[in-house]
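1. Sequence first, then the predicted structure, then my questions.
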Amino acid sequence: MQLSNSEEQLMQILWKQEKALMKDLIEAYPEPKPAITTVATLLKRMQDKKFVDYTQQGRSREYFPLVRKKDYFSKHVNGLIKNFFNDSSSQFASFFTKETNLSKTELEELRKIIDQEIKSK
């Protein structure tokens, strides 16, 4: 299940705050701030998709994520590799390293990460 762009933006806020009341969520948005009804609708849709839930705090609801950011984006990247790079990690790596204009230092850091991963397997 995937989030829309506006749901993903709200999810980013929730991942950062870990738990938040409606006013905290709206406060975290850049200007122009969305209407409470807009955020409430997004939260309801995200709850239906099992991305968020809440606990009742008196008359307010405290929202929290049910999905970890790492898990969501891992699934996203794997889907990207499957759909756009014929399920080929090397095609994705080639595209990523050539098209993102990484510096020599950044490429060397990537190599270290890959070498460490190879050692651990």
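-> Perfect, thanks for sending it. Numbering: from 1, shown residues only.

2. Show me the protein divided up by domain.
-> The record assigns the chain these domain ranges, following automatic domain parsing: 5-65, 69-120.

3. okay if I get those domains as a markdown table plus mean neighbour count?
-> (Each C-beta comes from the backbone N, C-alpha and C, glycine too.) Output for the domains of the chain, formatted as a markdown table (neighbours: other Cβ atoms under 10 Å):
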| stretch | mean neighbour count |
| --- | --- |
| domain 5-65 | 14 |
| domain 69-120 | 11 |
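
4. which stretch in those domains is the model least sure about?
-> Ranked by mean pLDDT, the domains of the chain bottom out at domain 69-120, which scores a mean of 86.

5. chain center to that domain: distance?
-> Taking the mean C-alpha point of domain 69-120 and that of its whole chain, the gap between them comes to 17 Å (Cα atoms, centre = their mean, to the nearest Å).

6. Please give me every residue in contact with Leu25.
-> Under the criterion of Cβ atoms under 8 Å, 6 or more residues apart in numbering, the neighbours of Leu25 are 10, 13-14, 17, 39, 63.

7. can you rerun that using 7 Å?
-> The neighbours of Leu25, taking Cβ atoms under 7 Å, 6 or more residues apart in numbering as the test, are 10, 13, 39, 63.

8. Now name the helix or strand holding the second one.
-> In this assignment (DSSP states H and E), Ile13 forms part of helix 5-17.

9. that older thread, of all the contacts of Leu25, which comes closest to Leu21?
-> Among the contacts of Leu25, Tyr63 lies closest to Leu21 (Cβ to Cβ), at 7.5 Å.

10. For that closest one, which non-adjacent residue is spatially closest?
-> Using Cβ to Cβ, 6 or more residues apart in numbering and skipping the chain neighbours, the partner closest in space to Tyr63 is Tyr54 (4.7 Å).

11. What are the contacting residues of stretch 48-59?
-> Under the criterion Cβ under 7 Å, 6+ apart, residues 1, 3, 11, 14, 43, 46-47, 61-67 lie in contact with stretch 48-59.
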